[in-house]
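# how does the following fold in three dimensions:
(one chain, ligands or ions: 2)
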Amino acid sequence: MEQVETKEIRPLRHGVKGRLHIPGDKSISHRSVMFSALGSTPVHITNFLHAADCLSTVACMRALGATVEELGATELVVTGNGLHGLREPACVLDAGNSGTTLRLLLGLLAPQPFLATFTGDASLSRRPMGRVVKPLSAMGAKIVGRAQNTLLPLTVLAPDGKLHGMRYESPVASAQVKSALLLAGMFADGATTVVEPVTSRDHTERMLEAFGVVTEKDGTAVTIRPVAEVQAPAAIEVPGDISSAAYWLVLASLVPGSQIVLENVGVNETRTGILDVLAAMGADIVRTNERVSGGEAAADLVVTAAKLHGTTFGKDIMPRLIDEIPVIAVAALFAEGDTVIMGAGELRVKETDRLQAIADTFSALAPGSVEAGADSLVIHGGTQLQRAAVPSYDDHRMAMSLAILGAAGAGVIIERPDCVRISYPEFYDTLAGFGGE
Ligand SMILES: O=C(O)C1=C[C@@H](OP(=O)(O)O)[C@@H](O)[C@H](O)C1
Ligand SMILES: C=C(OP(=O)(O)O)C(=O)O
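Residues are numbered from 1 along each chain as shown. Ligands and ions are numbered 1, 2, ... in the order given. Below is the predicted model of the structure:
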């Protein structure tokens, strides 16, 4: 029988204390390298997220002709060959586990006068790409692939002339869809507008502005016009990732006696849904040292343990906390009363089906604690916990959320734990520093 790697997380015996550096934001790190590759002057990127997903983006951009120098693990200098300077890659582009790499690059490569083929890992090969291929094809892109051009492997061919700008009403609130179309729209023959049901994270719009490209916002609609060139900034400082800070926000809230300071966390309001939900649950989180860098807001977050109670939220806040649902579900498990999460269907098409994964693992660790619907979860707080072995589903956010559940509760054994390398390689070391291993 195949030996499955496991990691045991023990219950913490005391509160967590101290100051933590939070690794760079994943979304902003991807964009910093992609957009710098479109300029013609060097961009010095600091606090870059040195994790597998962003390294997939670095490898793809190198294959497309950009120069990426690594001054250190989290410090890069990226130099492009101008807006029209990407070149045909000599190899297949591997997006690994990263939906952001694949969807944004489909948009960026759709207008280019060359061929590129994408592959990815087993998880990415199951995720839906029709949501970007369909609108890009309507703009004139030629993208072919498995399952009627909706699944990896996918090949982007040179289009016949320029793509056509268009107005697209997206059925999903997705920054990856929006960003793919805005990037393609830079090279189109007219304006491109993306309308979302609810506004998704706006890092693309903010970083484009730092590159001298203005987008126009009108409600949930964003418009980009054709661009002749971009002016790369000399430097980009990536703030800490609130999606990584989320694990410590929940752990310190749950374990009595805790107080920690999470340094330099990105608090762009399209990302701070978790702060609003935890506040509604009674958490004690205070922002200090608020500042803005490169158009992105950041702050230190001071978290003190508090008694949490259940809450209800739905689709309007979902894009602002989409990746934090697994760890919010952990907070709900320790809260008093029920938490109801609605409009969360997008979780079914992430690295794994996260609604099913939460339902199955919580049922093993706290039998009877969760009911999953088609796009909803009800979590019964205060359910009796037990130690058990549970799979990570090779999903970094599931592995980290389960580790927090075990550390704050009765312990846990995580099968296939190493997927945390996707977004937070030092996660287990940090948890061990708190006594959780
Ligand atoms: O644009 C981005 O950087 C991301 C957008 C979100 O995905 P969707 O666009 O699919 O919602 C999020 O889940 C992902 O982790 C990163
Ligand atoms: C969904 C995620 O990322 P991506 O879509 O880039 O794979 C995530 O990090 O939780």
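# only C-alpha atoms for contact and neighbour calcs from this point on.
Noted.
# quick one: contacts for the one residue in the stretch 1-150 of the chain that gets nearest to ligand 1?
With Cα to the nearest ligand atom, the shortest gap between the stretch 1-150 of the chain and ligand 1 falls at S27, namely 3.7 Å. Contact criterion Cα atoms under 8 Å, 6 or more residues apart in numbering gives 100, 203 as the residues in contact with S27.
# moving C-terminal of the helix or strand containing it, what's the next helix or strand?
Counting by DSSP states H and E, the secondary-structure element that holds S27 is helix 26-36. Elements were assigned by DSSP H and E; along the chain past helix 26-36, the next helix or strand is strand 43-46.
# tell me which parts of the protein are close to ligand 2?
Where the chain comes near ligand 2, counting by Cα under 6 Å from any ligand atom, the residues are 97-100, 323, 350.
# farthest-apart pair in these, please.
In the residues of the chain next to ligand 2, two members sit farther apart than any others by Cα to Cα. They are N97 and D323, at 14.8 Å.
# which one's more surrounded, those two?
When N97 and D323 are compared for neighbours, N97 comes out ahead with 24 against 21, by other Cα atoms under 10 Å.
# which pLDDT value goes with I9?
The pLDDT attached to I9 in the predicted structure is 98.
# that one and ligand 2, how far apart?
Taking Cα to the nearest ligand atom, to the nearest Å as the criterion, I9 is separated from ligand 2 by 22 Å.
# hang on, isn't that residue packed against I413?
Yes. Between I9 and I413 there is a contact under Cα atoms under 8 Å: 6.2 Å.
# these two - which one has more neighbours?
The residue with the greater number of neighbours, taking I9 and I413 and applying other Cα under 10 Å, is I9; the counts read 26 against 20.
# contacts only, for the more buried one.
403, 406-407, 411-414, 436-437.
# what does P111 give?
141, 158-159, 162-163, 184, 187-188.
# and the contacts of the one helix or strand E70 maps to?
E70 is part of strand 67-72 when elements are defined by DSSP H and E. Residues from elsewhere that reach strand 67-72 (Cα under 8 Å, 6+ apart): 37, 58, 62, 76-80.
# before we move on, what SS does the nearest residue to R19 once chain neighbours are set aside have?
Nearest-residue entry for R19: V261, 4.6 Å, with adjacent residues in sequence omitted and distances by Cα to Cα, 6 or more residues apart in numbering. Taking DSSP: H, G, I helix; E, B strand; the rest coil as the rule, one finds V261 in the strand state.
# count the residues that sit near V261.
22.
# the one 10 residues further on now?
Burial of R271, expressed as a neighbour count using other Cα under 10 Å, amounts to 24.
# where does it land in three-state SS?
In three-state terms, and counting by three-state DSSP, R271 is coil.
# distance of it relative to ligand 2?
Note on R271: its distance to ligand 2, by Cα to the nearest ligand atom, is 13 Å.
# ramachandran angles for that residue?
Backbone geometry at R271, expressed as degrees, to the nearest 10, gives phi -120, psi -10.
# that one reaches H203, doesn't it?
No. Counting by Cα under 8 Å, no contact exists between R271 and H203, whose distance comes to 9.8 Å.
# secondary structure class of the one residue in the stretch 201-350 of the chain that gets nearest to ligand 1, three-state.
In the stretch 201-350 of the chain, the residue found nearest to ligand 1 is D323; the distance is 5.3 Å by Cα to the nearest ligand atom. Under three-state DSSP, D323 falls in the helix class.
# which of the three states applies to the closest residue to it other than its chain neighbours?
Counting by Cα to Cα, 6+ apart, S243 is the residue found nearest to D323 once chain neighbours are left out, at 6.7 Å. Reduced to three states with three-state DSSP, the structure at S243 is helix.
# which ones are touching S243?
Taking Cα under 8 Å, 6+ apart, we find S243 in contact with 25, 323-324.
# what of M166?
139, 190-193.
# and the stretch 1-150 of the chain, which residues reach ligand 1?
Residues of the stretch 1-150 of the chain lying near ligand 1 (Cα under 6 Å from any ligand atom): 27, 100.
# low-scoring stretches of the stretch 1-150 of the chain, by residue?
Across the stretch 1-150 of the chain, the stretches falling below the confidence threshold (pLDDT under 70) are 1.
# where exactly do the strands run in it?
For the stretch 1-150 of the chain, the strands defined by DSSP state E, counting those that start in this stretch cover 6-9, 17-21, 43-46, 67-72, 75-79, 93-94, 116-119, 142-145.
# can you tell me the strand partners of the third one and which way each runs?
Sheet neighbours of strand 43-46, with direction, are listed as strand 75-79 (antiparallel), strand 235-237 (parallel) (DSSP bridges).
# out of these, deepest packed?
Using mean count of other Cα atoms under 10 Å, the stretch among these with the greatest mean number of neighbours is strand 75-79 (a mean of 23).
# relative to the whole chain's centre, how far out is that one?
Using Cα atoms, centre = their mean, to the nearest Å, the distance from the centre of strand 75-79 to the centre of the chain it belongs to is 21 Å.
# and which of the contacts of M166 is nearest R225?
Distances from R225 to the contacts of M166, taken by Cα to Cα, are shortest for A191, at 4.4 Å.
# any idea of the pLDDT on that closest one?
98.
# quick one: residues contacting G15.
By Cα under 8 Å, 6+ apart, the neighbours of G15 are 252, 255-259.
# which one (most neighbours) among the residues you listed?
With neighbours taken as other Cα under 10 Å, the top of these is A252, carrying 27 neighbours.
# report the contact partners of that one.
For A252, the contacting residues are 15-16, 258-260, 303-305, by Cα under 8 Å, 6+ apart.
# one more: F114?
87-88, 157-158.
# ok, whichever strand or helix holds E371: who's next to it in the sheet?
For E371, the host element (DSSP H and E) is strand 370-372. Strands flanking strand 370-372 in the sheet, each with its direction: strand 377-380 (antiparallel) (DSSP bridges).
# now the strand it pairs with: mean pLDDT?
With pLDDT averaged residue by residue, strand 377-380 scores 98.
# just the CA atoms of that strand, as PDB, please.
Once side chains and other backbone atoms are set aside, the C-alpha atoms of strand 377-380 remain, and they are given as PDB (Å, rounded to 0.1, in the frame of the first residue of the first chain):
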ATOM      1  CA  LEU A 377     -22.700  25.800   4.700                       C
ATOM      2  CA  VAL A 378     -24.400  25.700   8.100                       C
ATOM      3  CA  ILE A 379     -21.900  25.200  11.000                       C
ATOM      4  CA  HIS A 380     -23.000  24.300  14.500                       C
END
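# which parts of the stretch 301-437 of the chain are strands?
Under the criterion DSSP E, counting those that start in this stretch, the stretch 301-437 of the chain contains strands at 312-313, 338-341, 370-372, 377-380, 389-391, 412-415.
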